[in-house]
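Undergrad: Predicted model, plus sequence, below.
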Amino acid sequence: MKILQSCLSKSWGGMEMYTVTTANELTELGHNVTLLCYPDSKIYGKATKAGLNVKTVKAEGYFHPFKILKLGGFLKKENFDVIHTHASKDLWLIVPALEIYGLKTPLFFTKHVGSFIRKKDLLHKFLYNRINTAFAISSIVKRNLVETTPLTEDKIEILYNGIDTEKLNPENAGGKKIREEFGIGEQEILTGMIARFTWGKGHEEFLEAANNLIQKYSNLKFIIVGEASRGEQNYERKIKNLADELNLTDKVIFTGYREDIPRLLAAMDIFVFPSHSEAFGIALIEAMAMGVPSVCSDSNGILDIAVDGETSLLFKTKDAPDLSRKLEQLIRSPELRKTFGKAAIKRAREKFEIKKLISNLIDFYKKSLNRRNVKK
């Protein structure tokens, strides 16, 4: 199939990462994939580095008549079998371009993040009615789509984001090297989180829980993996200052941005996912695939991933004392950590293996193409 994937975001987070991942996976399966993205964005850099076909459009905001016409000409010339956008704002370019040129190309949309903006006016009805199928990455996102857009439930499918469980294999990772790099002893229990530095990811609760626990246990270390995205450097400084204020300098490691996530996860004894409101959580399923038991906030898309008392312990969102109590259960029980870790691997492989999910995506593409051909 000839496929256009689209994400004109200039940021770099879960949505952007998964767009590149999807394009890569489809390309590896032999499909002819082009990625529509913003020039000189992080997604552009990652896509070109990966060797993907890239088409750039420099469009900010919503109304770009000239660029709509230019994009429409490109879409007509390329004659894609399907178009799949991962950013709702892209619809303002793609839908008018398709309509002006009378193109019947099946259009798919993945909603990665919930929205509080109601989009049921005539303009949004024009945009969303053109979508053949919308994918929600979790149950909470599906509910959000129904509540805030003109899409009806029959046009929305839940399609989780996925990971490559072959690459995230605890038997192949080198966690020992990470522990040596950061001077973590064999008897020390390492608890970590992976998230970009932005408000709502739960860094404050993580540090507060660390501060609570080191008062009782001397064999603990904590690690925070990630960096600030564009415009979020002040928040990163705030979190590092909080660690200093709590005298956690010797107990908390800030790694910055890292490419070797599997090795970092392999080094951890416990993973924490303390986000206040998360549509999904790629870092969590990566940790599960690596067999790391987790403590997670009881919010939103996390509930589609973690199973309380089986793969994880859930704590009350934003409640650092409750996070401390749940962490303590795992700190005190190596056996519970082992049991949760095994269950986490099983769930990750059954529910979130990317090859299965991409296969499901291709099936949706084919069904739309078949329906279009029948109408012809």
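TA: Looks like it arrived, so ask away.
Undergrad: Sketch out the helices for this protein, chain order is fine.
TA: Counting by DSSP state H, the chain has helices at residues 14-28, 42-49, 65-78, 91-100, 122-128, 139-148, 175-181, 203-214, 233-245, 261-267, 282-289, 320-331, 334-351, 354-375.
Undergrad: residue contacts, the most centrally placed residue in the chain?
TA: Centroid check for the chain by CA atoms, centre = their mean gives Gly14 as the closest residue, at 3.3 Å. Counting by CB atoms under 8 Å, 6 or more residues apart in numbering, Gly14 touches His112, Asn161, Ala279, Phe280, Ile282. Placement of C-beta: from N, CA and C, glycine included.
Undergrad: wouldn't the fourth one be in contact with Ser299 here?
TA: No: assessed by CB atoms under 8 Å, Phe280 is found out of contact with Ser299, at 11.5 Å.
Undergrad: Looking at those two now, which is surrounded by more residues?
TA: Neighbour totals were compared for Phe280 and Ser299, and Phe280 leads with 25 against 19 (other CB atoms under 10 Å).
Undergrad: what's the average pLDDT for stretch 143-151?
TA: Throughout stretch 143-151, pLDDT has a mean value of 95.
Undergrad: same question, stretch 252-259
TA: Averaging pLDDT residue by residue across stretch 252-259 gives 94.
Undergrad: what sits up against stretch 225-244?
TA: Here stretch 225-244 has contacts from 10-13, 192-199, 203-204, 207, 224, 249, 252, 254-258, 261, 264, using CB under 8 Å, 6+ apart.
Undergrad: Which of those fall in strands?
TA: Gly192, Met193, Ile194, Ile224, Val252, Phe254, Thr255, Gly256 (DSSP state E).
Undergrad: partners of the fourth one in the sheet?
TA: Here Ile224 sits in beta bridges with Met193, Phe254, going by DSSP bridges.
Undergrad: Please name the residues that touch it.
TA: Counting by CB under 8 Å, 6+ apart, Ile224 makes contact with Gly192, Met193, Ala195, His203, Phe206, Ile239, Val252, Ile253, Phe254, Thr255.
Undergrad: swap in the first one?
TA: With contact set as CB under 8 Å, 6+ apart, Gly192 has these partners: Phe222, Ile223, Ile224, Val225, Leu264, Leu265, Ala267, Met268, Ile270, Phe271, Val272.
Undergrad: so Asn211 touches Leu246, yeah?
TA: Yes: with contact defined as CB under 8 Å, Asn211 reaches Leu246; the gap is 4.5 Å.
Undergrad: More neighbours: those two, which one.
TA: Higher neighbour count among Asn211 and Leu246: Asn211, with 20 against 16, using other CB under 10 Å.
Undergrad: how much space between the more buried one and Glu259?
TA: Here Asn211 is placed at a distance of 30 Å from Glu259 (CB to CB, to the nearest Å).
Undergrad: list the contacts for Lys251?
TA: Counting by CB under 8 Å, 6+ apart, Lys251 has contacts Ala210, Ile214, Leu220, Lys221, Phe222.
Undergrad: The helix or strand of the chain with the lowest mean pLDDT: which residues count as buried?
TA: Ranking every helix and strand in the chain by mean pLDDT, DSSP states H and E puts helix 354-375 at the bottom, with a mean of 88. The neighbour-count check on helix 354-375 (16 or more other CB atoms under 10 Å) flags Ile354, Leu357, Ile358, Leu361, Ile362, Phe364, Tyr365, Ser368, Leu369 as buried.
Undergrad: try stretch 223-240
TA: Of all the residues in stretch 223-240, those buried under the rule 16+ other CB under 10 Å are Ile223, Ile224, Val225, Gly226, Glu227, Ala228, Ser229, Tyr235, Glu236, Ile239, Lys240.
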